[in-house]
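Asker: Using only what follows, build the 3D model:
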Amino acid sequence: MRISKRFTLAVTAAALALTMGASAQAASHGGMKKIVIGTEGAYPPFNNLESDGSLVGFDIDIAKALCEEMKVECEFVTQDWDGIIPALVAGKFDAIIASMSITDERKEKVDFTNKYYNTPPAIAVPKDSDITEATDAGLAGKTIGAQSSTTHSNYAEEKLPSAELKLYPTPDEYKLDIDSGRIDAVIDDVIVLSEWLKSDAGACCKLLGTLTPDPVINGEGAGIAIRKGETELRDMFNTAIAAIRENGTYKTINDKYFDVDVYGE
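Answerer: Purely as a prediction, here's the structure:
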């Protein structure tokens, strides 16, 4: 789908080496001129690293719009999902914009802005599947794939205990396994699954159903994570989120990717 992980890591390492000094400098001054943003680059249509090294997706466009609204320069760094919060805490970048759900568990490690979108989880299955219900009973004895360290894997573990959960580092791997028949279903954000199913790569499968979010597990929507105590940066982002919602920039970006307003209630 994208370039190899080896190349991604090489690009990430080089970018980190160039940006760590800038990140530390930005954090040490009251008026920020530059903000380094960490993202995964492996979660289309929200964020994706293309073969030419460019980052695209809803998260990326929203981040650029927020930076323009705040009148700061933004630079992006890719980071594997499992290490993205530790990398933020270590000062490798100033903020995470990567479809990260605002949960109490994560709030113990980082602070969050207000949400910038909120969409529910869903289940997808092969088109010829005998599974008819997106429930624990309907998935009993089946194997469900999910990306590790996500609210979706936590949801499956808590709400679908009768199924066997198989974890993957990125959605790419679970998509390959369901396409080849090695797993029976997958769980992820409804938008992520819906957009995949529209593509040739998702021709194997169909959406079984949307799940009712659990606020404890799924959180309050996707927000921007920052280091603990950086209230000035949080307030800057919150003001900018409200501004792009008000001035129509958010809608323009939303409509570029989706048929519905993903901001939610």
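
Asker: What about Pro171, how many residues nearby?
Answerer: Residues lying near Pro171 (other CB atoms under 10 Å) number 24. All C-beta spots, glycine's among them, are computed from the backbone N, C-alpha and C.

Asker: just for the chain, where's the confidence low?
Answerer: Applying pLDDT under 70 to the chain picks out residues 1-32.

Asker: would Val262 count as being in a strand?
Answerer: No - under DSSP: H, G, I helix; E, B strand; the rest coil, Val262 sits outside any strand and is assigned coil.

Asker: Run through the residues that contact it.
Answerer: Shown in contact with Val262 (CB atoms under 8 Å, 6 or more residues apart in numbering): Phe58, Tyr117, Asn118, Thr119, Ile191, Asn254.

Asker: Apply 10 Å and report the result again.
Answerer: 46, 58, 116-119, 189-191, 221-222, 250, 253-254 (CB atoms under 10 Å, 6 or more residues apart in numbering).

Asker: ok, of the residues you listed, which one's closest to Ser199?
Answerer: Of all those, Ser199 sits closest to Ile191, with 13.1 Å by CB to CB.

Asker: can you confirm the closest one is in a helix?
Answerer: Yes - assigned with three-state DSSP, Ile191 falls within a helix.

Asker: count of neighbours near Arg227?
Answerer: 19.

Asker: correct me, but it touches Lys109?
Answerer: Yes - if you go by CB atoms under 10 Å, Arg227 and Lys109 touch, sitting 9.3 Å apart.

Asker: can you tell me the helix or strand for Ala134?
Answerer: Using DSSP states H and E, Ala134 sits in no helix or strand.

Asker: Pull out the buried residues from stretch 226-233.
Answerer: Ile226, Arg227, Glu230, Leu233 (16 or more other CB atoms under 10 Å).

Asker: Kindly apply the preceding question to stretch 199-213 instead.
Answerer: Buried residues in stretch 199-213 (16+ other CB under 10 Å): Gly202, Cys204, Cys205, Leu207, Leu208, Leu211, Pro213.

Asker: cool, and stretch 130-143?
Answerer: Buried, per 16+ other CB under 10 Å, within stretch 130-143: Ile131, Ala134, Thr135, Gly138, Leu139, Lys142, Thr143.

Asker: Same question for stretch 158-173.
Answerer: For stretch 158-173, by 16+ other CB under 10 Å, it's Lys159, Leu160, Ala163, Glu164, Leu165, Lys166, Leu167, Tyr168, Thr170, Pro171, Asp172.

Asker: out of those, which are inside strands?
Answerer: Judged by DSSP state E, strands contain the following of those: Glu164, Leu165, Lys166, Leu167, Tyr168.

Asker: Out of those, which comes closest to Ile217?
Answerer: Leu165 (13.7 Å).

Asker: doesn't Ser153 make contact with the closest one?
Answerer: Yes - here Leu165 reaches Ser153: they are 6.7 Å apart, a contact under CB under 10 Å.

Asker: Name the residues contacting each of the two.
Answerer: With CB under 10 Å, 6+ apart as the test, Leu165 and Ser153 both reach Ile144, Gly145, Ala146, Ile187.

Asker: pretty sure the second one belongs to a strand, no?
Answerer: Yes - looking at Gly145 with three-state DSSP, it is inside a strand.

Asker: distance of it from Ala90?
Answerer: 30 Å (CB to CB, to the nearest Å).
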